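*Asks:* Next come a sequence and a model predicted from it.
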There are 2 protein chains.
Amino acid sequence: MTTPYQLYYWDGLQGRGEFVRLALEEAAIPYADVARQKKGMPALMASLDGGQVDHPSFAPPVLQAGGMLIGQTSNILMFLGARHGLAPRAQEGRLWANQLQLTICDIVAEAHDTHHPISTGKYYEEQKKEAKARSKDFRLHRIPKFLDYFEGVVTRNPGRGGWAIGSRLSYVDLSLFQLIEGLRYAFPKTMTKLAPSYPALTALHDQVAARPNIVAYVASQRRIPFNEDGIFRHYPELDK
Amino acid sequence: MTTPYQLYYWDGLQGRGEFVRLALEEAAIPYADVARQKKGMPALMASLDGGQVDHPSFAPPVLQAGGMLIGQTSNILMFLGARHGLAPRAQEGRLWANQLQLTICDIVAEAHDTHHPISTGKYYEEQKKEAKARSKDFRLHRIPKFLDYFEGVVTRNPGRGGWAIGSRLSYVDLSLFQLIEGLRYAFPKTMTKLAPSYPALTALHDQVAARPNIVAYVASQRRIPFNEDGIFRHYPELDK
């Protein structure tokens, strides 16, 4: 028996793979988290290796859907969203969902660079001084700028229900939930201070957190806890 | 008389807007480069302002297509590519094109951070020391890693013609051309040294540069020269 989808992502961290996992879990789509299975790492590496597949990815996450290998987080979510009712049906709505997801990916990349501002190949401890400077800028300027934007998107959405787009949950809502979870984990002091400014995002986060499939997922072994191998890392010295 | 498309992007620099311009120019689609016209800046700002439009963008480029405002470079290219024959027709090819474009956007973001590793809100001169460190890592590790990947994509493409996807030019080829142009401008020594390793990318670049519409565009006033306000900046100290 094989599941319809195989997800390839590093074991031991949520990272960008988590945005894909949340979509699969919310839509109750069976999937295999390949790298977390026995002998999973060689399978993951093969999905990145140009010698063995037609469309290798530069980096995980990669989703295998039948004969297709799909890379890049927002691209995978666009594909899953259209197939499984997690995105608007019309082209304009699809493009808007993709645009918002790409903007979420932008702040996620910046969150990564708070602890790795100089080199992804070096340890955090080797770039700690620069990480402090970049984190300060991220906390003071970038988090508010992005959250102001997303708060406005949710507030101005004419659809009912408090979602980002229209009147139904989409993968963008799942990703906003994960963004807020991640920022709260990495920058708890900052986020506690900022929370009152973002009532619509907080309500959206809580709605996603209360979805039965998300409740079950977060309580399961399949949800890897946040940790200091992922994108959102809690280093107290970066959240002064 | 109005043109079908209005492009909103900062005046005076190529930046991310250039990837959109190249697609519009290659497909010979009439467009207005709004911010470069008289009173263009207020129009640009309105496209980003949530009070005045339904789907405001976090940042330019923004493309207006009839009543639609579309933001995020890869999203705009996906839209234009599908409409104007600059992308594969089947879903799998479309996803693959989008995946490659997203990977190009990733290295473009890293190229930006070589001169702004700490804060986008501060001047280069205020983060010069960190910029040197990040640029060294970018030159030694990141450029080769990305170009190895793209060289492999072009080499393994079973289609004829030396393009990235299939047997026809797509927006991905235009973006690879611009990426190589930008890297050559910003890091001429590094790129001269690396060039022999990337014959397929060099040939692809040269093919795009020889397209009649691209030749005409690059020779026109519409092409803004590379400069130190853009994403690809030539600071000799970062290309040691």
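*Replies:* Yep, that arrived. Residues are numbered from 1 along each chain as shown, chains lettered A, B, ... in the order given.

*Asks:* Model confidence score at A:Ser47, please.
*Replies:* A:Ser47 is assigned 72 on the pLDDT scale.

*Asks:* Do the helix or strand it falls within and chain B come into contact?
*Replies:* Using DSSP states H and E, the element containing A:Ser47 is helix A:40-48. No. On the criterion Cβ under 8 Å from any Cβ of the partner chain, helix A:40-48 is out of touch with chain B, staying 9.2 Å away. Bear in mind the C-beta positions are built from the backbone N, C-alpha and C, glycine included.

*Asks:* in that helix, what's buried?
*Replies:* For helix A:40-48, a neighbour-count test (16 or more other Cβ atoms under 10 Å in any protein chain shown) marks A:Gly40, A:Leu44, A:Ala46, A:Ser47, A:Leu48 as buried.

*Asks:* which one among the residues you listed gets closest to chain B?
*Replies:* A:Leu48 (9.2 Å; Cβ to the nearest Cβ).

*Asks:* Can you name the residues that contact that closest one?
*Replies:* A:Leu48 makes contact with A:Pro56, A:Ser57, A:Phe58, A:Ala59, A:Pro60, A:Val62, according to Cβ atoms under 8 Å, 6 or more residues apart in numbering or on different chains.

*Asks:* again, but for A:Leu183
*Replies:* Applying Cβ under 8 Å, 6+ apart to A:Leu183 gives the contacts A:Ala111, A:Ile143, A:Thr190, A:Met191, A:Phe232.

*Asks:* Which positions within stretch A:54-73 qualify as buried?
*Replies:* A:55-65, A:69-73.

*Asks:* Take the residues you listed and keep only those in strands.
*Replies:* Among these, the residues falling in strands (DSSP state E) are A:Val62, A:Leu63, A:Gln64, A:Ala65, A:Leu69, A:Ile70, A:Gly71.

*Asks:* can you give me the strands for chain A?
*Replies:* A:5-8, A:31-33, A:62-65, A:68-71.

*Asks:* Buried residues in the second one, which are they?
*Replies:* In terms of neighbour count (16+ other Cβ under 10 Å), strand A:31-33 has its buried residues at A:Tyr31, A:Ala32, A:Asp33.

*Asks:* In chain A, where is pLDDT below threshold?
*Replies:* A:1-2, A:50-51 (pLDDT under 70).

*Asks:* for it, what's the longest helix?
*Replies:* The residue-count maximum for a helix in chain A (DSSP state H) belongs to helix A:91-115.

*Asks:* circling back to that earlier point, as JSON lines, the strands of chain A with distance to chain B would be great.
*Replies:* Formatted as JSON lines, these follow (distance: least, Cβ to the nearest Cβ, whole Å):
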{"stretch": "strand A:5-8", "distance to chain B": "14"}
{"stretch": "strand A:31-33", "distance to chain B": "18"}
{"stretch": "strand A:62-65", "distance to chain B": "10"}
{"stretch": "strand A:68-71", "distance to chain B": "5"}
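
*Asks:* can I get those strands in a markdown table with distance to A:Ser175?
*Replies:* Below are the strands of chain A laid out as a markdown table (distance: least, Cβ to Cβ, whole Å):
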| stretch | distance to A:Ser175 |
| --- | --- |
| strand A:5-8 | 16 |
| strand A:31-33 | 17 |
| strand A:62-65 | 15 |
| strand A:68-71 | 17 |
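
*Asks:* Can you list the residue ranges for helices in chain A?
*Replies:* With DSSP H as the criterion, chain A has helices spanning A:17-26, A:40-48, A:73-83, A:91-115, A:128-137, A:143-156, A:171-186, A:188-194, A:199-209, A:212-219.

*Asks:* Centre of the chain to the fifth one, how far?
*Replies:* Centre-to-centre, helix A:128-137 and its host chain are 22 Å apart (Cα atoms, centre = their mean, to the nearest Å).

*Asks:* for it, which positions count as buried?
*Replies:* A:Glu130, A:Ala131, A:Lys132, A:Ala133, A:Arg134, A:Ser135, A:Lys136, A:Asp137.

*Asks:* Between those, which sits nearest chain B?
*Replies:* Closest to chain B, out of all of these and judged by Cβ to the nearest Cβ, is A:Asp137, at 4.0 Å.

*Asks:* Without its sequence neighbours, what residue ends up closest to the closest one?
*Replies:* Nearest residue to A:Asp137 in three dimensions, chain neighbours excluded: B:Ser119, at 4.0 Å (Cβ to Cβ, 6 or more residues apart in numbering or on different chains).

*Asks:* before we move on, the earlier item: which among the contacts of A:Leu183 end up buried?
*Replies:* A:Ala111, A:Ile143, A:Thr190, A:Met191, A:Phe232.
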